[in-house]
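Asker: Everything below, folded, please.
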Amino acid sequence: MEAVELAFKEDALDYAQNPPKVYLNFPKYNGDLRVMPAYLERQDIASVKIVSVHPDNLQKFGLPSVRGSILLLDPRNGSVLSIMGGQNITAMRTAAAGGIAAKYLANRNSKVVTFIGAGIQARAQLMALLSVCSCLEEIRVWDISPKAVDAYISDMKSKANHIKFVYANNIAEAVQGADIVVTTTPSREPLVLDSWVSDGTHFNCIGADAPGKEELDPKILKRAKIIVDNLEQACHSGEINVPLSKGIISKNDIWAELGDILAGKKAGRTSTQEITVFDTTGIAVQDAITAKLVYVKALQRKLGSFIKM
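Answerer: The predicted structure is shown next:
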């Protein structure tokens, strides 16, 4: 989380090259491929991530829906320093962004967290929230698959055994009265309705990461202070992409990028009654700085294999 927070700040202060994702779409396979290059100039870290998203993978091939690889590069000469799997790094750096957003945008006495979706990212998001939210008392979980909820609660209880876990029978039950709501689904229609949302709620919207995806009722966005990780990316493929395309909201309704808040350019939460929405699509500087952290630790522990290319 410290590394990712630094990456957001460097991007906001214009010390990073962080172009939006490039997409290749595979309609007949219900999937896509994204290429994400980045260079953190003051840290001298460069990388390229190639990540694919195929929601049907588990059912069809027994594979994760998100798969990726990261190339860490030496900016001095363009050499490839490391090739590493991107699945765990993507999960961790995405969760780190959610934890950072909650640190600056959620109410400090947040007690109830709701997860809509109970997959890998929901697990990682909880780990990040546990590190910044000291008052948590209840974790509610809903997923389209009851087995996924059971597995989630079983897995995560050992990491938060002082907190009450609640199996939510429906989304309304899960959301009503929650202080923080984390959405991690691939939905293409709103799941969380405005009438269920109380003043003061903070949202981490993770699932909408491609055109056409959305998890929140657009009426929530009309009530909320909206913060994105990258404006151009979010407009194209984040939680705000559908409401923008329909004219329900405009770019003027976007309060800030998260990096602007971390760098002190914009205020975060300014009242306990504000609804805040963090719309994250994942930006390449997160991958670069996290991959370098992994690389340094791997060298220290003598992990990995050396290959001649």
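Asker: for the nearest residue to Gly207 once chain neighbours are set aside, what are its contacts?
Answerer: Of all residues not flanking Gly207 in the chain, Thr185 sits nearest, at 4.5 Å (C-beta to C-beta, 6 or more residues apart in numbering). All C-beta atoms are positioned from the backbone trio N, CA, C, and that covers glycine. Taking C-beta atoms under 8 Å, 6 or more residues apart in numbering, we find Thr185 in contact with 116-117, 144, 191, 207, 215.
Asker: In which helix or strand does Thr185 reside?
Answerer: If you go by DSSP states H and E, Thr185 is not part of any helix or strand.
Asker: now do Asn204
Answerer: Going by DSSP H and E, Asn204 is in strand 202-205.
Asker: Could you do Lys9 as well?
Answerer: Going by DSSP H and E, Lys9 is in helix 2-12.
Asker: Determine the set of other helices and strands touching that helix.
Answerer: Contact here means 3 or more C-beta pairs under 8 Å, 6 or more residues apart in numbering; DSSP states H and E; on that basis helix 2-12 packs against helix 87-105, helix 258-262, helix 284-301.
Asker: just those helices: most buried one?
Answerer: With neighbours defined as mean count of other C-beta atoms under 10 Å, those peak in mean count at helix 258-262, which reaches a mean of 25.
Asker: what are the pairing partners of the following helix or strand past that helix, and which direction each?
Answerer: Counting by DSSP H and E, the element after helix 258-262 in chain order, helix or strand, is strand 276-279. If you go by DSSP bridges, strand 276-279 pairs up with strand 202-205 (parallel), strand 225-228 (parallel).
Asker: Please enumerate residues in contact with the helix or strand following the strand holding Asn204?
Answerer: Note on strand 202-205: by DSSP H and E, the next helix or strand toward the C-terminus is strand 214-216. Residues outside strand 214-216 that contact it (C-beta under 8 Å, 6+ apart) are 116, 183, 185, 187-192, 203, 205, 207-208, 239, 241-243, 277.
Asker: what residue ranges in the stretch 1-150 of the chain are flagged as low confidence?
Answerer: Scanning the stretch 1-150 of the chain for pLDDT under 70 picks out nothing.
Asker: Can you identify each of the helices in it by residue range?
Answerer: Ranges of helices in the stretch 1-150 of the chain, per DSSP state H, counting those that start in this stretch, are 2-12, 57-61, 87-105, 120-132, 146-157.
Asker: Export those helices to a markdown table and append columns for distance to Leu40.
Answerer: Shown next, in a markdown table, are those (distance: least, C-beta to C-beta, whole Å):
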| stretch | distance to Leu40 |
| --- | --- |
| helix 2-12 | 6 |
| helix 57-61 | 31 |
| helix 87-105 | 13 |
| helix 120-132 | 21 |
| helix 146-157 | 32 |
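Asker: ok, back up a step: may I see the helices and strands packed on helix 2-12 organised as JSON lines, with distance to Phe26 added?
Answerer: What follows is those, written out as JSON lines (distance: least, C-beta to C-beta, whole Å):
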{"stretch": "helix 87-105", "distance to Phe26": "19"}
{"stretch": "helix 258-262", "distance to Phe26": "30"}
{"stretch": "helix 284-301", "distance to Phe26": "21"}
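Asker: how close does Gly119 get to Val149?
Answerer: 11 Å (C-beta to C-beta, to the nearest Å).
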